[in-house]
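> any chance you could fold what I've pasted below:
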Amino acid sequence: MIDAAIQNRLKRNRFAAIGRAGLDLYPEPAGAKIEDAGRFRSDVGGSAGNIAVSLARLGSSASLVSPLADDPVGRFTRKTLDRYGVDTSLCRPVGGDCRNTLALAETRSEDCEVVIYRNGAADFELSEDDVAKIDHDTVGAVIATGTALAREPSRGAVLAAFRQAQAAGTPTVLDMDYRRYSWESAGVAQQVYMQAAGLSDILVGNDDEFGVAAGARDQGPFLARDLAADRTAIVIYKMGKDGSTTYAGEDVIETGIYPVVAQKPFGAGDAFMGALLASLADGVDLPDALRRGAASAALVVSRDGCASSMPDRADLDAFMANTTPTASNKGA
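Numbering: from 1, shown residues only. A predicted model of the protein is given here:
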């Protein structure tokens with residue numbers, strides 16, 4: 001079901017995650033609107049940062065590869081990642097007007113607003129020199145999030161990182177993570193995503209993201225299937241409350257969700273990716289790894305915060321033992 005060479009490399013259980021990390025602020029108490037908040041709780045955030053935290057909480061070794069602003073917010077980001085057990089030795093400090101992402105996110109299941117500031121984003125300063133420092137003699141996979149493809153020089157650096165990984169026999173993983181406001185146009189996003197997909201061993205995206213890559217939302221499911229038939233070893237098409245469809249060679253795997261009372265709509269994708277990869281690294285077969293990813297996603301949306309809500313292994317095991325997943329509502 002999974003290529004043996006990919007499975008063996010993943011078992012190294014060491015990951016390098018490329019992409020954004022920054023400061024998250026959550027209005028308190030939970031349920032408060034941003035404009036009504038009297039205080040905010042801080043945490044680290046950003047897709048690559050959250051994936052790295054998820055991996056570390058589940059016992060994997062995770063390094064973040066991302067420039068961090070040489071200012072108090074950048075240092076907060078680094079120190080918080082360190083506290084979660086993420087290796088930040090490949091996070092180069094950058095000065096000038098570069099700033100880490102700032103996100104204000106409401107803990108609300110309905111009418112939830114998330115405000116993200118990306119002015120002069122430090123992570124877009126990622127260079128080919130940064131990714132050349134990834135140690136392919138030890139790393140089990142290189143992960144990139146789609147936001148890192150949205151601007152140069154980060155875009156070229158990610159593509160270079162994937163080519164270097166391929167040459168070294170290191171599996172490549174792309175979480176498409178499409179954020180419209182970061183791209184010049186949907187047309188550019190389509191071209192770049194297709195280029196990156198051709199360099200990816202594991203590709204994960206949702207309806208909107210595959211739709212952008214295909215050029216039309218209704219063509220996304222067909223693109224996911226075709227990419228799996230062409231080159232990409234594992235393609236995971238996420239459908240929110242309807243679960244996911246995974247293509248792995250000739251196998252098609254339908255995975256449901258774990259029903260919870262959602263506290264917020266964000267963080268699920270990062271939790272899913274972290275648990276999926278950590279489980280594969282532990283030798284769990286693909287269907288069970290997908291279920292563990294779905295369970296981790298459910299736990300995170302049922303809790304306050306994002307990085308701080310990532311489960312550890314015991315937490316995840318206990319939740320799965322006491323919660324019955326739904327059947328997938330196949331849509332791809």
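> where's Ser308 relative to Asp282, distance?
23 Å (C-beta to C-beta, to the nearest Å). Placement of C-beta: from N, CA and C, glycine included.
> hmm, I was thinking of Thr245
23 Å.
> those two: who's more crowded?
Set Thr245 next to Asp282 and count neighbours by other C-beta atoms under 10 Å: Thr245 wins out with 21 against 17.
> is that one in a helix, a strand, or coil?
Secondary structure, DSSP: H, G, I helix; E, B strand; the rest coil: Thr245 is strand.
> for Asp130, helix, strand, or coil?
Going by three-state DSSP: Asp130 is helix.
> cool, and Leu277?
Applying three-state DSSP: Leu277 is helix.
> okay, which residue is most central for this protein?
Asp270 (4.1 Å; C-alpha atoms, centre = their mean).
> which residues are in contact with that one?
Counting by C-beta atoms under 8 Å, 6 or more residues apart in numbering, Asp270 touches Ser47, Asn50, Ile51, Ser54, Asp175, Val300, Cys306, Met310.
> and the helix or strand hosting Leu23, how far out from the chain's middle?
For Leu23, the element it lies in under DSSP states H and E is strand 22-28. Between the centre of strand 22-28 and the centre of its chain there are 19 Å (C-alpha atoms, centre = their mean, to the nearest Å).
> export that strand as CSV, just CAs?
Presented in CSV, the C-alpha positions along strand 22-28 are these (Å, rounded to 0.1, in the frame of the first residue of the first chain):
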residue,chain,number,x,y,z
GLY,A,22,4.5,33.0,14.3
LEU,A,23,2.5,34.4,17.1
ASP,A,24,-1.1,33.5,17.8
LEU,A,25,-3.3,35.6,20.1
TYR,A,26,-6.6,34.1,21.3
PRO,A,27,-9.2,36.4,22.9
GLU,A,28,-10.3,35.3,26.3
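> after it, next one along is what?
Counting by DSSP H and E, the next helix or strand C-terminal to strand 22-28 is strand 39-45.
> list the pairing partners of that next one within its sheet, with orientation.
Strand 39-45 sits in its sheet next to strand 22-28 (antiparallel), going by DSSP bridges.
> residues contacting the strand it pairs with, please?
33-34, 36-46, 49, 73, 76-77, 100-107, 123, 304-307.
> if any of those are buried, put those into a PyMOL selection.
For the buried members of the contacts of strand 22-28, the matching PyMOL selection, counting by 16 or more other C-beta atoms under 10 Å, is:
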select buried, resi 37+41+43+44+45+46+49+73+76+77+100+101+102+103+104+105+106+107+123+304+305+306+307
